[in-house]
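>>> sequence and predicted structure below; questions after.
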Amino acid sequence: MDYEKEFLEKVKNAPRGVKIGRVILRVACILFFIVATVELVVFIVSVAVPELWAEVESEFTDVFDRVQFFGLPVLAALYVVAAVGGLCYLADKSRFKKMASLAAIILLVVFLIDIILSVRSLVYDLIAPEADVGRAWLQFIFSFIGNQITGGLYFIGWFMQKDYMGD
């Protein structure tokens, strides 16, 4: 009980940057739950509906497209683990809070890989002879919002408070 009071007092008297980092991390955790749900729904619906699966399968022109598509459930699982770890980190409870630091570093790597794959897919989609420019940009924007912005917010929020929280 004394530890909880001490922790709450520490958070209450934290510098402004740490408080902002806590808010950013909390927002990123909530966004991770939303993005994970959307990515799982997109994957399940794309595989379950034969008409959509035929369309998705026809887009597998190279290995990178396959990795990007079949990576959706893996990313969703990573996002859920990162979100739970981040929320435990903010509450300073559970052994699961150590996942926040690991998830932040992994998300930085995923962020870099995903931006490369997304830009590559956008360029390939735009230079294709039968290019659907609107769809290519829409996929890029969804990927950017879902992965880069959310992962970036998580990393920034964790980074702003990591030294203050004793991590």
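That came through, no problem.
>>> ok, residues contacting the helix or strand that Val81 is a member of?
Per DSSP states H and E, Val81 falls inside helix 72-91. Defining contact as C-beta atoms under 8 Å, 6 or more residues apart in numbering, one finds that helix 72-91 is touched by 22, 25-26, 28-30, 32-33, 35-37, 39-40, 42-43, 94, 96-104, 106-107, 110, 147, 150, 154, 157-158, 165, 167. Any C-beta I mention is one placed from the backbone N, CA and C, and that applies to glycine too.
>>> which of those residues are buried?
22, 25-26, 28-29, 32, 35-36, 39-40, 42-43, 97, 99-101, 103-104, 106-107, 110, 147, 150, 154, 157-158, 165 (16 or more other C-beta atoms under 10 Å).
>>> helices of this protein, start to end?
2-12, 16-48, 50-58, 63-70, 72-91, 99-127, 133-143, 150-161 (DSSP state H).
>>> for stretch 14-31, give the mean pLDDT please.
In this model, stretch 14-31 has a mean pLDDT of 88.
>>> ditto for stretch 92-100
Rounded mean pLDDT across stretch 92-100 is 78.
>>> quick one: terminal-to-terminal distance for it?
Its first and final residues considered, stretch 92-100 spans 11 Å by C-alpha to C-alpha, to the nearest Å.
>>> any idea how far that stretch is from the middle of the chain?
18 Å (C-alpha atoms, centre = their mean, to the nearest Å).
>>> just stretch 14-28 next, same as before
On C-alpha atoms, centre = their mean, the centre of stretch 14-28 falls 18 Å from the chain's centre.
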